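Q: I would like the atomic coordinates for the input below:
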Amino acid sequence: MRPGLRERKKTATRQALHEAAVALSIEHGLDKVTVEAIADAAEVSRRTFSNYFASKEEALLYGDQVRMHMLVDAIRERPAAEAPWAALTGAALGLQHVLGARDPRWVAQVRLVRRHPALAAQQVSTYAAMENEVAAAIAARAEWSATCPLRTRLMAAAFLVAMRVAVQEWLDRPSGTALPDVMREALDEIGAAFR
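A: Numbers count the residues shown, from 1 in each chain. Model (predicted):
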């Protein structure tokens with residue numbers, strides 16, 4: 001079902017604030033960007049900004065949250081008979097066009113995260129929030145999840161760490177390196193414990 005007009009407008013405002021936060025942070029540096037500047041660039045009030053985001057860091061990393069929700073949806077859509085780690089890997093590799101490409105703005109955003117502890121903390125918070133959703137998606141397909149909830153949570157956490165580390169590793173490799181290759185390498189390395 002398609003969202004109504006009000007929800008589409010809210011999504012558009014949230015996206016405009018995110019894009020303004022990214023553009024201003026790339027242009028001026030995160031430390032010089034204010035919430036007021038982001039609101040002005042998105043042509044909304046400071047109060048409107050506060051209705052959508054608690055901080056400039058949260059606004060800047062909103063795209064990560066969107067991508068993570070898409071990833072969880074992709075995990076849930078994998079074939080029911082597929083083993084949990086295979087489903088996680090298949091979902092991640094199937095969404096490479098969404099999860100990251102050498103889009104200069106996205107790469108600049110990832111590099112900002114490396115340089116600013118507040119952004120890194122916000123990103124870890126986003127991943128931690130998604131961990132429960134990934135664990136639920138694993139539990140829905142793993143017969144053993146009821147008797148071994150620790151394994152389910154460890155698998156979810158390991159998967160998300162592998163994703164985050166793969167992106168960082170990919171940025172350090174030569175520019176011709178394909179993200180799916182690094183992602184598969186990371187997922188294969190850490191996934192050996194869950195097969």
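Q: domains of the protein?
A: Taking automatic domain parsing as the criterion, the chain consists of the domains 5-54, 61-194.
Q: run the chain-centre distance for the longest one.
A: Domain 61-194 sits 7 Å away from the centroid of its parent chain (CA atoms, centre = their mean, to the nearest Å).
Q: could you measure from A92 over to I75?
A: Applying CB to CB, to the nearest Å, the value for A92 to I75 is 8 Å. All C-beta atoms are positioned from the backbone trio N, CA, C, and that covers glycine.
Q: oh sorry, the question was meant for M68
A: Going from M68 to I75 by CB to CB gives 11 Å.
Q: and the helices in this structure?
A: Assigned by DSSP state H, the chain shows helices spanning 5-28, 35-41, 46-52, 56-60, 62-77, 84-94, 96-99, 104-115, 117-139, 149-172, 179-191.
Q: mean neighbour count, those helices: which tops it?
A: Mean neighbour count (mean count of other CB atoms under 10 Å) peaks for helix 56-60 among the helices of the chain, with a mean of 24.
Q: for that one, packing partners?
A: helix 5-28, helix 35-41, helix 117-139 (3 or more CB pairs under 8 Å, 6 or more residues apart in numbering; DSSP states H and E).
Q: mind putting the ones you listed in a markdown table, mean pLDDT and distance to L171 included?
A: Listed next are the helices and strands packed on helix 56-60 as a markdown table, based on pLDDT from 0 to 100; distance: least, CB to CB, whole Å:
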| stretch | mean pLDDT | distance to L171 |
| --- | --- | --- |
| helix 5-28 | 94 | 15 |
| helix 35-41 | 97 | 25 |
| helix 117-139 | 88 | 14 |
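Q: for L61, which of the ones you listed is the nearest?
A: helix 117-139 (5.2 Å; CB to CB).
Q: hmm, back to that, can you list the helices and strands packed on helix 56-60 in a markdown table and add distance to R173?
A: Putting the helices and strands packed on helix 56-60 into a markdown table (distance: least, CB to CB, whole Å) gives the following:
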| stretch | distance to R173 |
| --- | --- |
| helix 5-28 | 22 |
| helix 35-41 | 32 |
| helix 117-139 | 20 |
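Q: fine by me, we can end here.
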